[in-house]
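Student: pasting the sequence and the predicted coordinates here, then a few questions.
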Amino acid sequence: MARLSILLACALAGAIPASALAQAKSTPPAAVPSKAEIDRAASNFRVFLSALQSDKIPEVVKSALFACIYANTFSQISTNTDKLLTDRKLDKADHNHVISAMAAVCGVRPGQAPAKK
């Protein structure tokens, strides 16, 4: 069994082009986020998940959020959401503000989503 694992590892290593390995090694390690950054991103992620599960969020917004998470890292989404909230002087603790900013960051434009009733 161990011999098979070693052979499989060698075969897979040979299948990866050397240039790909060089690129992987040359990528600098990401900066370790602070506890405050982790807490903020976790809060944004909870809002993100709640929006996807809510029956009060329009489908067009849910679709945009879902597509956005596949095209971007959540770090980018969260950072840009917080920047938009700061620029517009909105409350980061208000989940409605956060989801509205996140939707805007993910491409939902005013008038695209039906008005809340």
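Tutor: Done, it's in.

Student: neighbours of Ala31, just the number please.
Tutor: The criterion is other Cβ atoms under 10 Å. On that basis, Ala31 has 7 neighbouring residues. Glycine gets a C-beta too; all of them are placed from N, C-alpha and C.

Student: helix, strand or coil for it?
Tutor: Assigned by DSSP: H, G, I helix; E, B strand; the rest coil, the conformation of Ala31 is coil.

Student: got a pLDDT number for it?
Tutor: At Ala31 the predicted local distance difference test score is 78.

Student: one more: Met1?
Tutor: As summarised for this prediction, Met1 has a pLDDT of 48.

Student: now do the buried residues in the helix or strand that contains Gln76.
Tutor: When elements are assigned from DSSP states H and E, Gln76 belongs to helix 74-87. Buried positions in helix 74-87, judged by neighbour count with 16 or more other Cβ atoms under 10 Å: Ile77, Ser78, Thr79, Asn80, Thr81, Asp82, Leu84, Leu85.

Student: which ones are touching the first one?
Tutor: Read that as Ile77. Ile77 makes contact with Asn44, Phe48, Cys68, Ile69, Met102, Val105, Cys106 under the criterion Cβ atoms under 8 Å, 6 or more residues apart in numbering.
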